[in-house]
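*Asks:* sequence first, predicted coordinates after that:
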Amino acid sequence: DRFEEAARESGARIVHSCGFDSVPSDLGVLLTADQAHEDGEGTLLETTLHVRRMKGGFSGGTLDSMRVQVDTVRGDRSRVRTAIDPYALSPDREAEPEPVGRIGQVWLERSADTGSWAAPFFMGTFNAQVVRRSNALAGWAYGRGMRYREVVDTGRKGAAPLKAMAMAAVMPALVTGFSTPGLRQVVDRVLPSPGEGPSEKSRAAGEFAMEVHATTTTGARYVTTVSAPFDPGYDGTAVMIGEAALALVLDGPRLPGTAGVLTPATGLGEVYAARLVDQGFTIGTRRT
């Protein structure tokens, strides 16, 4: 809102969310939509990102971002509606297919895509806002009827449903902790502070694998994988940010879009995906 007009007038590209938030989500949906278009299979309808594997340390800075957001919303209740609106980052909110307000969310399910028990991904709300902004900036090229969400798969057997329920409860519990006087002080003492994070050994063992499962308007189904042998929030994000910067500096004529406040998909696109593959990422789309 603050810099869109200035960026357009000056010819600048401001590309945000170039880390684990929200590159796997944004590029995964872009490449899925591109493949469906190339195959003549229409545009996307139901589209779900599944976190299939994720191993890495948790950042004190990420937690502090949550604290700040909770404090901001508490200070201005009108912002709650924006924070939970899946289309909050759209450049034309009125043109979006769903009304303003919370979109219903399933807290525990057995996924038809993977057969796994699943819970909402705690980064999914923001990632979904970025993906939907990409769709709008691209003239709704992914499809006017696309519905997008993100879940974490917890497995098919044994304690998988209990694990999914526990994961679904984490975010509401954190928000409650940060919002409640007295409890907030306890939570702040227990959780990492800004600047604190995982050890080098922990980061070296990190990895992640995400799958975007989508159905198109013709009934075709696609799966796009985005994975890497890196801690998602640290080593992986460092690679993603670095390659985004190099793409902006070195690949200008080959990049999609124009000037303005963009997303990884609309500002960097497939050129960026190729750069990440060169750095050890696995990114690819298959028809199922």
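*Replies:* Cool, got the structure.

*Asks:* where along this structure do the strands fall?
*Replies:* Secondary structure of the chain (DSSP state E): strands at 13-15, 44-55, 109-110, 117-120, 147-155, 207-216, 221-228, 260-262, 282-287.

*Asks:* show me what counts as buried in the second one.
*Replies:* Read that as strand 44-55. 44, 45, 46, 47, 48, 49, 50, 51, 54 (16 or more other Cβ atoms under 10 Å). C-beta: built from backbone N, CA, C; applies to glycine.

*Asks:* which parts of the chain are helices?
*Replies:* 4-10, 23-38, 60-75, 78-84, 124-137, 160-179, 183-190, 200-204, 237-250, 264-267, 269-278 (DSSP state H).

*Asks:* any stretches of the stretch 51-200 of the chain with poor pLDDT?
*Replies:* 101-106 (pLDDT under 70).

*Asks:* can we see that at 80?
*Replies:* 75, 77-78, 99-107 (pLDDT under 80).

*Asks:* returning to what we had before: quick one: closest of the helices of the chain to residue 211.
*Replies:* Closest of the helices of the chain to residue 211 is helix 23-38, at 7.8 Å (criterion: Cβ to Cβ).

*Asks:* quick one: mean pLDDT for the closest one?
*Replies:* Helix 23-38 comes out with an average pLDDT of 98.

*Asks:* now do it against strand 207-216, angle only.
*Replies:* Helix 23-38 runs at 30 degrees relative to strand 207-216, counting by axes from the mean of the first three to the mean of the last three Cα atoms, to 10 degrees.

*Asks:* return the set of buried residues in helix 23-38.
*Replies:* So for helix 23-38, counting by 16+ other Cβ under 10 Å, buried means 23-37.

*Asks:* just the helices of the chain: most buried one?
*Replies:* Neighbour counts (mean count of other Cβ atoms under 10 Å) averaged over each of the helices of the chain peak at helix 264-267, with a mean of 28.

*Asks:* show me what it is packed against.
*Replies:* strand 13-15, helix 23-38, helix 124-137 (3 or more Cβ pairs under 8 Å, 6 or more residues apart in numbering; DSSP states H and E).

*Asks:* what's that helix in contact with?
*Replies:* 13, 15, 17-18, 22-23, 26-27, 29-30, 130-131, 133-134, 137-138, 244, 248, 255-257, 272 (Cβ atoms under 8 Å, 6 or more residues apart in numbering).
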